[in-house]
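**Student:** Sequence and computational prediction follow.
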Amino acid sequence: MTAEQKAAMDEGYDMIVELAEFVKEQRNYIRAISNHQRFEGIDEMYSKACEIHNDARGVLDLINDELYKTL
């Protein structure tokens, strides 16, 4: 792997970590909203946040596997 490729993977990794943290914060916010504050579509938003967070974690695992192979 070239230095340029590694830098691109590192940048992508950082972006995914940032996305995962943002989605996790939003998911936790949605979970904390009390029932009388809930609005239509919030459960769908929560499910989507969980799905995105899980997908991001999967991509991070794949990147880690690839980087490990280069060591």
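**Tutor:** That came in fine, so what should we check first?
**Student:** Low-confidence stretches in the protein?
**Tutor:** For the chain, the stretches with pLDDT under 70 are 1, 71.
**Student:** what's the residue closest to the geometric middle of it?
**Tutor:** Ala20 (2.4 Å; C-alpha atoms, centre = their mean).
**Student:** gap between the residue nearest to it when sequence neighbours are not counted and Arg38?
**Tutor:** Nearest residue to Ala20, sequence neighbours excluded (C-beta to C-beta, 6 or more residues apart in numbering): Ala56, at 4.0 Å. For the C-beta atoms, the positions are set from N, CA and C on the backbone; glycine is no exception. Look at Ala56 and Arg38: by C-beta to C-beta, to the nearest Å, they are 25 Å apart.
**Student:** Repeat that for Gln5.
**Tutor:** Distance from Gln5 to Arg38, by C-beta to C-beta: 46 Å.
**Student:** Please apply the same query to Leu19.
**Tutor:** Counting by C-beta to C-beta, the gap from Leu19 to Arg38 is 25 Å.
**Student:** cool, and His53?
**Tutor:** Taken as C-beta to C-beta, the span from His53 to Arg38 is 20 Å.
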